[in-house]
Structures are given as C-alpha cells and as structure tokens.
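>>> Dropping a prediction and its sequence here:
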Amino acid sequence: MFILFIILQLACIIFAFFCLYVIKNKKFNFSVKFFQILLFIVSVLIVSTSLISSIVYIWKDLDINYLILIFIINSIVDIFFIVVITFYSHCIIKNLRKNIIFDKKNQNSIHEIACAFIYWTITEAILGIIIAIIRNINSVGYEYSITISTSFFIYLLLGVTFSIIEILFERSIEIYEENKLTI
C-alpha cells in the first residue's frame, strides 16, 4: 500500500510539471482544451471523494453522532462549492473556446468564482466553530479548542486572488471597449 501511495504521489508530481509545461508553452487552443478536460476530471474526482468519505462516515458508524453529521454536512457543502466553481469555470472556458475573451460574462463568472471561494471560507469557519462547540459539549473537562484548517486560508487567498483578477479584467474590458470605439 505504501509503494502504491508513493507511485501515486510521483504521478501527481509529474502531472503538475506537465501542467506547468502547458502554462509556459502558451499555445492558446491546446491550453484551453487541456484545462477544460482537467477541470472536468478534477471536479469529478473531488466530488466523488467527498461522496465516498461521507458514505464511509455513515457506514463506519451507523450510530451517527453530531460530529459525524457535521463532517457529512461539510462534505455536502464542499460538493456544492466545487459544482458552483466548476460551472463558472466552464462558462469561462466555453467563451475562450469561442474566442470571446474581454466580455462581461467572463468578468461576472470570475466574480462568482471569487465570491464562492470567500463564501466557502466563511462556511469553513462556521463549521469549525460548530465542531469546536460540539467537542466542548462532549468533553469532560474545560478544554476548549478550535481548529481552523489550512483550507480556510487557501480558500480566502483564492477568493482574494480571483477578486483582484476580476478587477483587472473589468479594467481590461473598459480599455478594450474604448479601443473598439476608437477604431
């Protein structure tokens, strides 16, 4: 099992280098097609992993306690945000394949992706607080701990990054529209 895990990790590293190659190669049509396929595969893998982990939680402990219920809700929330982000990413890729770049629809899709990541951050924080409260209620002593995973900060960073890209995109659309009027 350990060797299989190492092989899987090496495959992920090789794939990450291939993604870097695609990004640096800057062949527009190939990159768009590649990222459309990648978006679909990654979304399906993440959604199926979340579903499987929820099913395992239920199967493993048929006496569902509140903590397991929160983890299941967390998986469902993750699936929801992944579907939303995938949908808007697909809209952008569809427009890119049609060579529609500086368009308000793309800007709105980027905005929705940014909002989804920030809402996901808020949801992670709220679920973290709920988990801490449930653990505190179930504990014997007066120990209180709250856990914020790195995903909280990653989602926040992605939300802010997409917000910045959306602002840049908005300005680019304005310049593009001005240039179209000038010509």
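Arrived safely.
>>> Every contact and neighbour count from this point should use C-alpha atoms.
Will do.
>>> Spatially central, which residue of this protein would that be?
In the chain, the residue lying closest to the centroid (Cα atoms, centre = their mean) is residue 82, at 5.4 Å.
>>> Which residue, other than its chain neighbours, is closest to that one?
Among residues not flanking residue 82 along the chain, residue 43 sits closest, at 6.7 Å (Cα to Cα, 6 or more residues apart in numbering).
>>> What is the lowest-mean-pLDDT helix or strand in the chain packed up against?
Ranking every helix and strand in the chain by mean pLDDT, DSSP states H and E puts helix 28-60 at the bottom, with a mean of 78. Helix 28-60 is packed against helix 66-97, with contacts defined by 3 or more Cα pairs under 8 Å, 6 or more residues apart in numbering; DSSP states H and E.
>>> Who are the packing partners of the following helix or strand past the helix it packs on?
Counting by DSSP states H and E, the next helix or strand C-terminal to helix 66-97 is helix 104-138. Using 3+ Cα pairs under 8 Å, 6+ apart, the elements in contact with helix 104-138 are helix 66-97, helix 150-182.
>>> how many neighbours does residue 114 have?
25 (other Cα atoms under 10 Å).
>>> List the residues that contact it.
By Cα atoms under 8 Å, 6 or more residues apart in numbering, residue 114 lies in contact with 158, 159, 160, 161, 162, 163.
>>> got CSV for those, with distance to residue 124 too?
Shown next, in CSV, are the contacts of residue 114 (distance: Cα to Cα, whole Å):
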residue, distance to residue 124
158, 14
159, 13
160, 16
161, 18
162, 18
163, 19
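>>> most neighbours, which of those residues?
Ranking these using other Cα under 10 Å puts residue 159 first, with 24 neighbours.
>>> gap between that residue and residue 89?
Using Cα to Cα, to the nearest Å, we find residue 159 at a distance of 14 Å from residue 89.
>>> Equivalent analysis for residue 170, please.
Separation of residue 170 from residue 89 (Cα to Cα): 17 Å.
>>> Also residue 161?
Residue 161 is 15 Å from residue 89, by Cα to Cα.
>>> again, but for residue 53
25 Å.
>>> Report the distance from stretch 13-22 to the chain centre.
19 Å (Cα atoms, centre = their mean, to the nearest Å).
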